[in-house]
Structure formats: C-alpha cells, structure tokens
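[1] Requesting a structural model of the entry that follows:
(one chain, ligands or ions: 1)
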Amino acid sequence: MLSLIVHGGAWDIPNELIESHKNGVSKALQIGWDILRNGGSAIDAVENAVNYLENDTTFDAGRGSHLNAEGEIELDASIMNGKTFRCGSVGAVKNVRNPISLCRKIMDESEHIFLVGTGAEKFANEHGIALCSPDDLLIEREVLKWKSIQGKKDFSTKDAFKFHTASDTVGAVAMDSEGIICAGTSTGGTFNKHPGRVGDSPLIGCGTYADNSVGGVSTTGWGEAMIKVVMAKTVIDLMEFNEGNPQEAAEKGIEILARKADGYGGLIALNIKGEFGIAFNTPRMARAFINSHTNTPQILII
Ligand code: ASP
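    Below is the predicted model of the structure:
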C-alpha cells in the first residue's frame with residue numbers, strides 16, 4: 001500500500017486564501033505521490049512535498065514565513081524515518097531556504113539529531129546545502145503584517161490559531177512500497193515570536209514522529225501547547241493501543257491538547273495500513289491525501 005498525506009496549517013483560513021491553500025497542498029501531494037508511484041521512498045516523498053510547500057509563499061515555512069518580534073525569520077523543521085528511527089531537525093535557522101532538506105542531511109550524514117542557529121547553518125554549508133540571505137526569505141505581505149503590529153501590546157499567539165492570523169506550518173507523512181513510514185514538518189513558527197523561540201515543529205515527538213510498527217504524525221498549531229502534551233508521540237501511543245485507528249487517535253489527541261494545555265491546532269496521522277487520521281480544533285485546516293486503495297486525491301480545508 002502506498003499512502004501520502006500533507007498539511008498546510010490549521011487556523012481560521014479566510015475565504016480569499018482558500019484557493020491558494022488548496023493549490024499548495026494539492027501540488028505538494030502530487031509531487032510526493034509521483035515519487036511513491038514510481039517506486040520512490042517515503043523519505044523522498046516527504047522531503048519533496050515539504051520542499052514544495054516551503055517554496056510556496058502561501059505558507060509559513062521557508063520563503064514567506066512569519067517575522068519574529070525583531071523583524072527576522074527563524075525557521076524550524078524536522079524529519080523522521082519510522083523504520084530506522086533516524087531523524088534530523090533544525091531550530092532557528094535564518095539562512096536556509098529549505099530547512100527540511102537540511103534536516104534530511106543531518107539525518108543521513110550526522111551522528112546528531114537536532115542542530116540550531118549558526119551551528120545548523122555551518123553544517124548546511126559543510127554538507128552542500130546552499131545558504132541564502134535572510135532577505136531572500138522575506139516577502140512584502142509578511143513585512144507589512146509585522147509593521148502593522150509594531151507598538152501594539154495586545155497581540156496573543158494563542159489567538160492566532162483561532163482568528164485571522166496566518167499559521168501555515170506544513171508537513172507530510174508517507175508510506176512507500178516497502179512499508180516504510182516517514183514524517184516531516186517545517187515552519188517559520190508563530191508570528192511575532194521572541195527571537196530564539198523554538199516551537200513544537202522541530203521537536204521529535206512534538207511536531208513529528210514516525211514508528212513503522214504504528215504509523216506517522218505531523219502537527220501544526222500553537223507550539224507551546226503542542227510541546228506540553230508531546231503531541232505527535234501522544235497520537236502514536238494512542239494508535240498503538242487502539243488497534244491502529246488513526247482517526248480515533250487524531251481526535252483524541254486534539255481533545256487532550258484542548259483539555260490539558262488549552263491548545264489549538266491540528267494534526268495528520270497515518271497507520272501501517274496506509275489509513276488516515278485528521279483532526280483540528282481550529283476553524284479550518286489545509287490538507288490533502290491519497291493512497292493506493294482510493295487512488296483519488298482528496299483536498300480539504302473545512
Ligand atoms: N506549530 C508551529 C509553532 O508553534 C506553528 C504552526 O503550526 O502554525 O511554531
């Protein structure tokens with residue numbers, strides 16, 4: 001069974017942005033699906049689907065990400081292979097266009113898992129990942145948004161996920177023809193975050209998890225709350241003990257997020273049969289999925 005699910009963030013996506021979100025997740029799904037259909041690996045499907053979303057300025061990942069409180073972009077990402085348990089992640093990188101590919105390099109070519117800041121950028125430079133200028137990641141929409149809240153004290157990150165402040169983290173989970181399950185997540189983090197703030201997305205077990213005996217998960221939402229409930233691994237554990245029901249585990253995970261951490265967000269899950277689970281407690285979440293059973297892409301926002 002081949003299976004792929006991608007997401008492009010959970011928040012109150014306004015009507016005028018529905019088309020761009022649908023297009024983005026739909027194209028990312030197509031890229032990953034072509035890889036899987038042609039016998040490619042789950043890790044390649046995840047990396048390439050996420051690369052597409054990082055390059056699409058609709059989303060809060062790679063170019064077009066939110067600015068932090070000092071007007072800079074700091075990117076977080078992670079990737080995990082559920083067969084080998086190898087993983088790679090980066091936090092607060094400023095000079096890398098495609099942080100998920102840097103995560104992949106760390107996973108493949110380092111004894112470490114998590115590199116941050118200038119050390120992560122040094123690793124990128126040493127391992128053939130092109131660095132960019134921080135300005136290459138900036139787009140006018142985000143600069144204007146950041147300028148519009150300067151001098152205001154009432155901005156709440158929690159509210160960002162309920163109301164019209166974009167929070168378009170991206171992620172993907174895939175299963176290939178060898179039954180290998182991989183997951184990845186990439187983000188610019190929350191709008192106006194403190195410099196150096198790292199959210200759930202690069203934390204293995206919070207933003208991303210894959211275990212070939214159970215499934216894979218990628219999350220999006222208010223990172224501080226997601227970290228408190230170790231969201232991705234919690235959903236994996238729920239699936240491990242509910243006979244592998246990904247939808248039930250996803251819903252229970254979001255219920256735990258809301259009840260224990262007063263959190264908002266969403267997640268995608270995949271089990272070892274290539275079945276999907278999707279849950280969110282924000283008004284909308286961009287997601288797309290396909291497996292070789294249905295062979296038909298599903299693109300959903302609401
Ligand atoms: N989870 C991300 C973070 O807190 C943001 C998001 O998913 O939109 O950094």
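
[2] in the stretch 201-302 of the chain, which spans are helices?
    For the stretch 201-302 of the chain, helices defined by DSSP state H, counting those that start in this stretch occupy the ranges 223-228, 231-240, 246-261.

[3] Determine which of those approaches G277 most closely.
    G277 lies closest, by CB to CB, to one member of the helices of the stretch 201-302 of the chain: helix 246-261, at 3.0 Å. In short, each C-beta sits where N, CA and C put it, glycine included.

[4] Which residues does the closest one contact?
    215, 221, 224-226, 228-229, 231, 234-236, 238-239, 242, 263-271, 275-281 (CB atoms under 8 Å, 6 or more residues apart in numbering).

[5] So which of those reach the ligand?
    Checked against the ligand using CB under 6 Å from any ligand atom, these give the following subset in range: G221, M226.

[6] What is the burial count for P195?
    Residues within reach of P195, counting by other CB atoms under 10 Å, total 11.

[7] picking that back up, quick one, which of the contacts of helix 246-261 are buried?
    Among the contacts of helix 246-261, the ones that count as buried by 16 or more other CB atoms under 10 Å are 215, 221, 224-226, 228-229, 231, 234-236, 238-239, 263-271, 275-281.

[8] For the nearest residue to N68 once chain neighbours are set aside, grab the count of nearby residues.
    Among residues not flanking N68 along the chain, K193 sits closest, at 4.9 Å (CB to CB, 6 or more residues apart in numbering). Using other CB under 10 Å, K193 has 21 neighbouring residues.

[9] quick one, phi psi at K193?
    Backbone torsions for K193, taken as degrees, to the nearest 10, come to phi -70, psi 160.

[10] I figured it hits A69, correct?
    Yes - with contact taken as CB atoms under 8 Å, K193 and A69 are classed as touching, separated by 6.6 Å.

[11] which residues of the chain fall in strands?
    Chain-ordered strands for the chain, with DSSP state E as the definition, fall at 3-11, 75-81, 87-93, 114-116, 170-175, 181-187, 208-211, 215-221, 265-271, 276-280, 284-291, 298-300.

[12] From the contact counts, what lies against the first one?
    The reference is to strand 3-11. Judged by 3 or more CB pairs under 8 Å, 6 or more residues apart in numbering; DSSP states H and E, strand 3-11 is in contact with helix 18-37, helix 42-55, helix 157-162, strand 170-175, strand 215-221, strand 265-271, strand 276-280, strand 284-291.

[13] quick one, it and strand 276-280 angle?
    Angle, strand 3-11 to strand 276-280, by axes from the mean of the first three to the mean of the last three CA atoms, to 10 degrees: 0 degrees.

[14] What ranges in the stretch 101-250 of the chain fall below the confidence cut-off?
    Scanning the stretch 101-250 of the chain for pLDDT under 70 picks out 153-166.

[15] a markdown table please, covering the helices of the stretch 201-302 of the chain and showing distance to K152.
    Output for the helices of the stretch 201-302 of the chain, formatted as a markdown table (distance: least, CB to CB, whole Å):
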| stretch | distance to K152 |
| --- | --- |
| helix 223-228 | 20 |
| helix 231-240 | 30 |
| helix 246-261 | 26 |
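
[16] Which among those is found nearest to N55?
    Closest approach to N55 among the helices of the stretch 201-302 of the chain (CB to CB): helix 223-228, 22.3 Å.

[17] gap between that closest one and the chain center?
    Centroid displacement of helix 223-228 relative to its chain, using CA atoms, centre = their mean, to the nearest Å, is 14 Å.

[18] elements contacting that helix?
    If you count contacts as 3+ CB pairs under 8 Å, 6+ apart, helix 223-228 packs onto helix 246-261.

[19] For the helix it packs on, buried residues please.
    P246, Q247, E248, A249, A250, E251, K252, G253, I254, I256, L257, A261.

[20] ok, and does that helix reach over to the ligand?
    No - judged by CB under 6 Å from any ligand atom, helix 246-261 stays clear of the ligand, getting no closer than 11.4 Å.

[21] How far does that helix sit from its chain's centre?
    Distance, stretch centre to chain centre, for helix 246-261: 17 Å (CA atoms, centre = their mean).

[22] This completes my enquiry, with thanks.
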